[in-house]
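Enquirer: The sequence isn't on hand, but the structure is:
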């Protein structure tokens, strides 16, 4: 009896473990959370071509995963650094004033202090646009060189027409140079010879007679008219009155307006100041050339003032006809003329 009572006392003093206490604890449910990556840092130094530190350079760190970029500025020693950088590939973009932009790539390992090799900045390549403006005299020389290449059918000189609407005014020296070039052109001699032959065939200026002597006198008179008229109307007087002896091709507008422009240019011209004005050079030059011709035409064929005005009117009328031909026909037939604009006829 005492033995049973002792056992009961012990059982109550040391109770058996509960079911929950006797079971081994289960493993935690769900997936185990990944361990946080260890951040690192990136640092470096920026120098120029002379190895001097570049102060104030803008350094930007970007990553391939499109995470926000980080920015830093190089200090007095050219140094820069980035802390708390996520491991993996990265790219540094360095800019500094007039120095060329540098791009450096690298891979940061977890917990690493990545030292970028020294970054050397070079001077940026500058593209400088330079506008070269020639002095007016040189530009006019270039334009004259183009003009003296202009020939109708590649033969007949077409020196006194400008296809450049705002051509540079000519200096007196250039006006004389153009007159001389025109006067000694081979076609001038051929033209004078042809006119002398026509005059001899019609027995014009009969005082010269016939035969070789008569032809030579007519030839000399024809060539003399050409040279005197060219120098007076295109060099001497234009230099005195500051007028441009050239015809400026219009090429645009209605047929009527272009025809009127061509006719009017026989009695008006563009001044060296760019303004239109009466063509004193051509009108007075024609009168002067007509008056001078009285000195070498046969006495019986001189009509004094009548011959002077007759030759002047012929010169003006011929100029008007020539302008009309220039405006409507000759450009298409002129070799080395500049290309026409699509809006030009």
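Expert: Nice, thanks for sending it over. Predicted model, so just to flag it, every value in this text is computed and none were measured.

Enquirer: which intervals of this structure have sub-threshold pLDDT?
Expert: 1-37, 125-132, 302-304, 306-307, 311, 340-345 (pLDDT under 70).

Enquirer: What residue spans form the domains of it?
Expert: 40-121, 136-335 (automatic domain parsing).

Enquirer: could the ones you listed go into JSON lines alongside mean neighbour count?
Expert: Placement of C-beta: from N, CA and C, glycine included. Shown next, in JSON lines, are those (neighbours: other Cβ atoms under 10 Å):
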{"stretch": "domain 40-121", "mean neighbour count": "15"}
{"stretch": "domain 136-335", "mean neighbour count": "17"}
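
Enquirer: now what about stretch 105-123, what contacts it?
Expert: 37-49, 51, 54, 57, 85-92, 94, 96, 98-100, 102, 104 (Cβ atoms under 8 Å, 6 or more residues apart in numbering).

Enquirer: Show me those residues that map onto strands.
Expert: Among those, the members found in strands (DSSP state E) are 40-48, 85, 88-92, 94, 96, 99-100, 102, 104.

Enquirer: tell me the phi and psi of the nearest residue to residue 229 once chain neighbours are set aside?
Expert: Ranked by Cβ to Cβ, 6 or more residues apart in numbering and with sequence neighbours excluded, the top spatial neighbour of residue 229 is residue 289, at 4.3 Å. For residue 289, the backbone dihedrals are phi -60, psi -40 (criterion: degrees, to the nearest 10).

Enquirer: wait, doesn't residue 289 sit right on residue 228?
Expert: Yes - in terms of Cβ atoms under 8 Å, residue 289 counts as a neighbour of residue 228; the distance is 4.8 Å.

Enquirer: ok, the residue nearest to residue 229 - contacts?
Expert: By Cβ under 8 Å, 6+ apart, residue 289 lies in contact with 225, 228, 229, 232, 233, 311, 312, 315.

Enquirer: Which stretches in the stretch 101-250 of the chain count as helices?
Expert: Using DSSP state H, counting those that start in this stretch, the helices of the stretch 101-250 of the chain run over residues 136-147, 172-183, 186-201, 211-231, 237-241.

Enquirer: mind putting these in CSV, distance to residue 338 included?
Expert: Listed next are the helices of the stretch 101-250 of the chain as CSV, based on distance: least, Cβ to Cβ, whole Å:
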stretch, distance to residue 338
helix 136-147, 7
helix 172-183, 18
helix 186-201, 22
helix 211-231, 24
helix 237-241, 23
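
Enquirer: Would you mind saying which of those lies nearest residue 154?
Expert: When those are compared by Cβ to Cβ, helix 186-201 sits nearest residue 154, at 11.1 Å.

Enquirer: That closest one packs against which elements?
Expert: Under the contact criterion of 3 or more Cβ pairs under 8 Å, 6 or more residues apart in numbering; DSSP states H and E, helix 186-201 touches strand 156-157, helix 211-231.

Enquirer: ok, now how distant is the spatially closest residue to residue 164 that is not a sequence neighbour from residue 319?
Expert: Take residue 164 and drop its neighbours on the chain: the residue closest to it by Cβ to Cβ, 6+ apart is residue 143, 6.2 Å away. Taking Cβ to Cβ, to the nearest Å as the measure, residue 143 falls 21 Å from residue 319.

Enquirer: And residue 299, by the same measure?
Expert: 29 Å.

Enquirer: likewise residue 263?
Expert: Taking Cβ to Cβ, one finds residue 263 at 10 Å from residue 319.

Enquirer: try residue 88
Expert: 86 Å.
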